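K.L.:
Take a look and give me a structure for this.
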Amino acid sequence: MSKQAEQPQAPDSAELADVDFESALGELEALVEQMETGELSLEDSLRAFERGVKLTRHCQGALKNAELKVKVLTEANTLENLDLDDPDDA
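P.N.:
Prediction:
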């Protein structure tokens with residue numbers, strides 16, 4: 001009897017906590033390319049798919065957080081018009 005299926009999995013957020021958006025997206029793109037070749041075994045394909053799902057959720061969460069930050073800033077009227085072409089405004 002295999003003990004592998006009984007091992008608990010780390011939550012997605014904890015596993016990818018230190019991975020930035022760009023790195024996660026790059027890894028996801030590499031996984032997709034790898035899977036598209038059709039050369040992975042079934043087990044490797046399943047592992048790649050599982051990792052891809054985790055990376056996708058991580059990226060979606062990062063985008064959602066960025067969207068919320070932009071929304072908060074724009075709703076709070078904290079944005080100011082800046083004329084970056086006029087050096088005298090500094």
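K.L.:
Give me the neighbour count for Val72.
P.N.:
Using other CB atoms under 10 Å, the number of residues around Val72 comes to 10. (Each C-beta comes from the backbone N, C-alpha and C, glycine too.)
K.L.:
same deal with Leu25?
P.N.:
Quick note: Leu25 (other CB under 10 Å) scores 16 neighbours.
K.L.:
What residues does it make contact with?
P.N.:
Leu55, Cys59 (CB atoms under 8 Å, 6 or more residues apart in numbering).
K.L.:
run the last query once more with 10 Å
P.N.:
Contacts for Leu25 were tallied using CB atoms under 10 Å, 6 or more residues apart in numbering; they are Val19, Leu55, Thr56, His58, Cys59, Ala62.
K.L.:
Please apply the same query to Asp85.
P.N.:
Contact analysis of Asp85 by CB under 10 Å, 6+ apart lists nothing.
K.L.:
Narrow the contacts of Leu25 to those that are buried.
P.N.:
Val19, Leu55, His58, Cys59, Ala62 (16 or more other CB atoms under 10 Å).
K.L.:
Among the residues you listed, give me the pair with the biggest separation.
P.N.:
Leu55 and Ala62 (10.6 Å; CB to CB).
K.L.:
quick one: the residue nearest the centre of the chain from Ala76, how far?
P.N.:
Taking CA atoms, centre = their mean as the criterion, Cys59 is the residue nearest the geometric centre of the chain, at 2.2 Å. According to CB to CB, to the nearest Å, Cys59 stands 26 Å off from Ala76.
K.L.:
elements contacting the longest helix seen in the chain?
P.N.:
For the chain, the helix that runs over the most residues, judged by DSSP state H, is helix 42-75. Secondary-structure packing of helix 42-75 (3 or more CB pairs under 10 Å, 6 or more residues apart in numbering; DSSP states H and E): helix 12-15, helix 21-36.
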